[in-house]
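A.B. asks: Task: produce atomic coordinates for the following.
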Amino acid sequence: MTDTLSPSARSALMSRIRGKDTKPELVVRSLLHRMGFRFRLHRRDLPGSPDIVLPRHSTVVFVHGCFWHRHPRCKGATTPKSNADFWQDKFAANVERDKRNRRDLREWAVSHLARGPSVVTCALIDGSAMNSTNRQIPSSR
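C.D. replies: Numbering: from 1, shown residues only. Prediction:
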């Protein structure tokens, strides 16, 4: 199936996709701030440039979308039907990069909010990230 949009329309649409300050990330940041945590954003000197860094607690938080980071058993981790080989390779590379970043962050506690080593979008939607936050991050005091 060919693209139904013109190249300029596709470019305009794709340019609106953000990598920082996404709605799920803002939800997590707001929650952490209300809990009394203070943090830094997108530290480029750390592997994977974590979305949220809590230096006092040596903890990093990645806010991952299920589609791109292949959250297991999630309805959001679908694979497009067109150009499936490309997408499988792309997703496999993303998952491998996530594993490598977690391994390289050994001295940091990679957050285990929700269902895995990252906050995933579906966990914000169903509320499980909010319910498990107190058990997963050290006390802010």
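A.B. asks: residue ranges for the helices of this structure, please.
C.D. replies: With DSSP state H applied, the chain shows helices at 7-15, 23-34, 66-69, 84-104, 121-126, 128-136, listed in chain order.
A.B. asks: Adding distance to S49, write those out as a markdown table.
C.D. replies: In short, each C-beta sits where N, CA and C put it, glycine included. Written out in a markdown table, the entries for these read as follows (distance: least, CB to CB, whole Å):
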| stretch | distance to S49 |
| --- | --- |
| helix 7-15 | 20 |
| helix 23-34 | 12 |
| helix 66-69 | 14 |
| helix 84-104 | 9 |
| helix 121-126 | 18 |
| helix 128-136 | 21 |
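A.B. asks: Ok, which of the ones you listed comes nearest V60?
C.D. replies: helix 84-104 (9.2 Å; CB to CB).
A.B. asks: In terms of secondary structure, what does that closest one contact?
C.D. replies: Using 3 or more CB pairs under 8 Å, 6 or more residues apart in numbering; DSSP states H and E as the contact test, the elements touching helix 84-104 are helix 66-69.
A.B. asks: Show me which residues of the helix it packs on are buried.
C.D. replies: With burial defined by 16 or more other CB atoms under 10 Å, the residues of helix 66-69 counted as buried are 66-67, 69.
A.B. asks: ok, now stretch 65-78?
C.D. replies: In stretch 65-78, the ones that count as buried by 16+ other CB under 10 Å are 65-67, 69-71, 74, 77.
A.B. asks: And stretch 31-39, by the same measure?
C.D. replies: By neighbour count with 16+ other CB under 10 Å, stretch 31-39 contains the buried residues 31-32, 37, 39.
A.B. asks: As CSV, could you dump the C-alpha coordinates of that stretch?
C.D. replies: Extracted C-alpha coordinates of stretch 31-39, given in CSV (Å, rounded to 0.1, in the frame of the first residue of the first chain):
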residue,chain,number,x,y,z
LEU,A,31,3.5,13.0,39.8
LEU,A,32,7.1,13.0,41.0
HIS,A,33,7.1,16.7,41.7
ARG,A,34,3.9,16.4,43.7
MET,A,35,5.5,13.6,45.7
GLY,A,36,8.4,16.0,46.6
PHE,A,37,11.1,14.7,44.2
ARG,A,38,13.3,17.1,42.4
PHE,A,39,14.9,16.0,39.2
